[in-house]
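**Q** Let's see this in three dimensions:
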Amino acid sequence: MSLLQPRPDVYCCTAAVSAHAKGRRWQLSLSVLSQMPEIRVRPNVVSYNAAISGQGWQLALSLLGRMPRVRVTPDAISYNTAMSTCERAGQWQTACSLLREMVDKEVAPDAISYSAAISACEKASMWQVALSLLRQMPQGSAMPNRISYGAAMSACEKGGMWQLVLSLLSEMPKVNLMPDAINYNAAISASSGQSELALALLAQMSEARVPPTAVSYNAAISACEKRGEWQIALGVLDQMAAVKAIPDVIGFSAAISACESGCQPQAAVSILSAMPAARVIPNVVSFSAAISACEKGGEWKLSLCLLARMFSERVVPNRISYDAAISSCEKGRRWQLSLELFNDMIKVHVPRNSVTHRATVIACCQQRQWVLGLSLFEAMSLANLDTGAQACGALIAACDGAGAWLRAMTFLRDIEASASEKVAALWLQ
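**A** As a prediction, this is how the structure comes out:
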């Protein structure tokens, strides 16, 4: 008895293309698409759309361009899918070009088309273009939706145009669109540095029966952080627990940064210690913010304890962590510890920059360790790092205080010569 093998048709092949594309097996999806004519199955627009969805933006454009050559007419979904690949890749100009091409080819753009192009502009911080596209939508018979407004608001937020963000938010109800959490979050983020406005928007969400998300609260805490309003930031963090909104590492870290801005090291460490109980694991940002708070509050011992704790909790310190700890020891007049941390950075493969060098130079020079300070300063010059006026002043004072005034004079002449060379180099450019 022979078994009849069913012949693959366009539906089976298209389903295979789609499955491979969704599974990010883009090579296999292309392979199935290219083999369809060999088994006498002609790909249709759905087949191509499925293949486009799984590609990078360049291959997506190639497939879109191939469609007319094989007598398959692209539809709105074809263009929308291709624009979405451009959006993900940050290719805003190409996305806008495809939108114009739709109009030229008499393929009516819909809200998804415009939203994809606006989102591409948002990712590239092109707020003017994003806003222009939003205004063009009604003219193209495509009514804006929450996604369109949200993308345009995010673009304006990235451009620092908070007034425009608020204007768009207030405009939405006038076009029969009730703002959702994403729209409010964009507005709260745009109000960065204006805590009163951020908190007012947060309250407005509750009045409009739009439950604030963790992102909403995090943005409000960040606004408080930028103004050093650490007590209000902690109040927002407590408010999250009251409404059963789960704080995340971003919210906790922003609250710690608020304590840093307000020079409240004890409060910062308290929040850091409370994170595990809330089932939130502190990361390098959380620890670095807490160490910076200790540095600003003159708690050098506490900053070293936190740095040691990072290793015990398997959180790898970065340059910010070390710079804050070194500055903390410098302010505590513990030059040996600053130098030790400076040297430890090489061992743990953390790169050092001009901030690291300057803090260590100042720490050494304040305790009249001018030989070490000079050695570090020379290393900075060789690495072409910015020495800074404060480090120069500290080194000269250290040399003078140790009776090495001749070395101080030589050092001054070297600085003047180096500065002259840099000015000459810039002039020649």
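**Q** Give the residue spans of the chain that score low on pLDDT.
**A** For the chain, applying pLDDT under 70 flags the ranges 1-6, 370, 374, 381-429.
**Q** cutoff 80 now
**A** For the chain, the stretches with pLDDT under 80 are 1-7, 54, 140-141, 192-193, 241-245, 363, 365-429.
**Q** Surely Ser257 touches Glu225?
**A** Yes - here Ser257 reaches Glu225: they are 4.7 Å apart, a contact under CB atoms under 8 Å. Where you see a C-beta, it was placed from the backbone N, CA and C, and this is true even at glycine.
**Q** Got phi/psi on Pro211?
**A** For Pro211, the backbone dihedrals are phi -60, psi 120 (criterion: degrees, to the nearest 10).
**Q** Just give me the neighbour total for it.
**A** Residues lying near Pro211 (other CB atoms under 10 Å) number 12.
**Q** From Phe311, how far out is it?
**A** For Pro211, the distance to Phe311 equals 39 Å [CB to CB, to the nearest Å].
**Q** ditto for Leu302
**A** Distance, Leu302 to Phe311, by CB to CB: 16 Å.
**Q** before we move on, what about Val165?
**A** Note on Val165: its distance to Phe311, by CB to CB, is 42 Å.
**Q** between these two, which one's more packed in?
**A** Using other CB under 10 Å as the criterion, Val165 and Phe311 rank with Val165 on top: 26 against 11.
**Q** Thought Glu157 was touching the more buried one, still the case?
**A** Yes - the pair Val165 / Glu157 is scored as a contact, 5.3 Å apart, by CB under 8 Å.
**Q** Now for those two: what residues contact both?
**A** Shared contacts of Val165 and Glu157 (CB atoms under 8 Å, 6 or more residues apart in numbering): 186-187, 190.
**Q** got those as CSV, with secondary structure columns?
**A** Compiled in CSV, the shared contacts of Val165 and Glu157 are given as follows (DSSP: H, G, I helix; E, B strand; the rest coil):
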residue, secondary structure
Ala186, helix
Ala187, helix
Ala190, helix
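**Q** Could you dump those into TSV with neighbour count added?
**A** Shown next, in TSV, are the shared contacts of Val165 and Glu157 (neighbours: other CB atoms under 10 Å):
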residue	neighbour count
Ala186	26
Ala187	28
Ala190	28
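**Q** Considering these, which is situated nearest to Ser338?
**A** Among the shared contacts of Val165 and Glu157, Ala190 lies closest to Ser338 (CB to CB), at 39.7 Å.
**Q** What distance do you get for the closest one to Ala124?
**A** Ala190 is 17 Å from Ala124, by CB to CB.
**Q** cool, and Leu372?
**A** In terms of CB to CB, Leu372 sits 47 Å off from Ala124.
**Q** my read: Ser119 touches Ala151, true?
**A** Yes - in this structure, Ser119 is within contact of Ala151 by CB under 8 Å, at 4.4 Å.
**Q** how many other residues sit next to the closest residue to Leu28 other than its chain neighbours?
**A** Closest residue to Leu28 apart from its sequence neighbours, by CB to CB, 6 or more residues apart in numbering: His20 at 4.2 Å. His20 is flanked by 21 other residues according to other CB under 10 Å.
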